[in-house]
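Peer 1: With the input below, show me the fold.
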Amino acid sequence: MLDIKYLRENPEIVKQNIKNKFQEHKLHLVDEVVELDKRNREIKGEVESLRAEKNKLSKQIGALMKDGKKDEAEKIKTQVAAGNARIDELSEEEKKVEEDIREKMMVIPNIIDASVPIGKDDSENVELEKFGEPVVPEFEIPYHTEIMESLNGVDMDAAGRVAGNGFYYLMGDIARLHSAVIAYARDFMINKGFTYCIPPFMIRSNVVTGVMSFDEMDAMMYKIEGEDLYLIGTSEHSMIGKFIDTINEEASLPYTLTSYSPCFRKEKGAHGIEERGVYRIHQFEKQEMVVICKPEESMDWYDKMWRYTVELFRSLDIPVRTLECCSGDLADLKVKSVDVEAWSPRQKKYFEVGSCSNLGDAQARRLKIRVKGENGNYLPHTLNNTVVAPPRMLIAFLENNLQADGSVKIPEVLRPYMGGISEIKRNQ
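Peer 2: Model (predicted):
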């Protein structure tokens, strides 16, 4: 959410930003907010004048009563009563106007960074850099669920009977591999100096609207019936929410946190052949990283964070690339975002396995997260990034570590988490 003062002083910049995000249907909101803000300031000014007049008249009443001029005092009391009635009337209008302003401001997108490429959707995202050499082996690579099934590692049919589409049972060494990747990612981030955290897996509505846009909320979140609670779609929601309505010491920044959680998502959208299996699912687990820092440090942290993900994937022998998200592909709160994509030897292309985002001070403003600085309180910047999100990440892992005999190689860094084994062997 933007600073109302910024919008008031820069309406054309805000409008151009909306155009850059191809959301022209929101342009009218800027003018409406400007008018509402003008009326809000008029109300506040009138209320201030009325209260000053009330104080002045109250003193006169006291003096008149002291002099025994009761009739004159009663006339002024009538004026005070009329003033109070007007203040009450204006206060009600003020609440309504401020509510209207907030509702509209919540929909106006954040100002994107000047470096973000302008594009309508994800088809116009820009490749930045490749890490590792993509390899297509001479032998055929089966679909990922076929690899898992050959290792007795997945049961989609049973999950369908139990929970419906979009769920799975991971079994045996594949389930162990899943947990090993999460544990390795946890320790990887702890070794980078991040504090490990397991957050609540449900959050209240005021946290939901503080961390994401209404469109994201509708597309992603599951609500608990009869409760003011939502299942989290990512632990970033809980982790940023941890700081709601707090004033933090500047010396304590940056907060660098890595969190584990299950994630629950409606996953509306494409469900083609490549989105089947364990690619597009309603429930998965993830290791996340979150940073809350000084505004001037956020871009440095942004670059560090996505590089950590690249480093982790490369340590598992998975080639990756980074893709700069264009303006039209950025969620409304994001200032800048980069996707990390892993190489799929079967598809002979890259696919998304994580995303790193800088949200500027938008979440901090919505959640009232403040920092006590030398020159007064200010809003910090918030960032989040996927460390690793199996089982989608397992698709890349299995394809890139599959061997000709159907076994799966375990990279050296992961072996301590897999009981020391160097490969998962195919069932004979």
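Peer 1: neighbours around the residue nearest to Pro295 when sequence neighbours are not counted, how many?
Peer 2: Excluding the flanking residues, the one nearest Pro295 by C-beta to C-beta, 6 or more residues apart in numbering is His381, at 5.0 Å. No exception for glycine: its C-beta is placed from N, CA and C like everyone else's. For His381, the count of nearby residues is 25 (other C-beta atoms under 10 Å).
Peer 1: How about Tyr222?
Peer 2: Residues near Tyr222, counting by other C-beta under 10 Å: 16.
Peer 1: wait, it sits on Lys266?
Peer 2: Yes - between Tyr222 and Lys266 there is a contact at 6.7 Å, judged by C-beta atoms under 8 Å.
Peer 1: Strands along the stretch 301-428 of the chain, start to end?
Peer 2: Along the stretch 301-428 of the chain, the segments classed as strands by DSSP state E, counting those that start in this stretch run 320-324, 336-344, 349-358, 369-373, 376-378, 381-388, 408-409, 423-424.
Peer 1: Do you know the pLDDT at Glu267?
Peer 2: Glu267 is assigned a pLDDT of 69 by the prediction.
Peer 1: swap that for Gly166, please
Peer 2: pLDDT recorded at Gly166 is 86.
Peer 1: Make sure it is indeed in a helix.
Peer 2: No - counting by DSSP: H, G, I helix; E, B strand; the rest coil, one finds Gly166 to be coil, located in no helix.
Peer 1: which one is it nearest to, not counting chain neighbours?
Peer 2: His282 (4.0 Å).
Peer 1: Count the residues that sit near that neighbour.
Peer 2: Based on other C-beta under 10 Å, the number of other residues close to His282 is 17.
Peer 1: what's the answer for the one 4 residues further on, then?
Peer 2: By the other C-beta under 10 Å criterion, the neighbourhood of Lys286 contains 24 residues.
Peer 1: Run through the residues that contact it.
Peer 2: Contact partners of Lys286, counting by C-beta atoms under 8 Å, 6 or more residues apart in numbering, are Thr234, Ser235, Tyr260, Ser261, Pro262, Cys263, Thr386, Val387, Val388, Ala389, Pro390.
Peer 1: Inside helices: which ones of these?
Peer 2: Judged by DSSP state H, these include Ser235 as members of helices.
Peer 1: Lowest-confidence one in the contacts of Lys286?
Peer 2: Out of the contacts of Lys286, that is Pro390, at 88.
Peer 1: My guess is that one contacts Ile182. True?
Peer 2: Yes - taking C-beta under 8 Å as the definition, Pro390 is a contact partner of Ile182 at 6.6 Å.
Peer 1: Out of these two, name the residue with the larger neighbour count.
Peer 2: Neighbour totals were compared for Pro390 and Ile182, and Pro390 leads with 24 against 20 (other C-beta under 10 Å).
Peer 1: Dihedrals phi and psi, that one?
Peer 2: Backbone geometry at Pro390, expressed as degrees, to the nearest 10, gives phi -70, psi 160.
Peer 1: distance of it from Ser298?
Peer 2: Separation of Pro390 from Ser298 (C-beta to C-beta, to the nearest Å): 28 Å.
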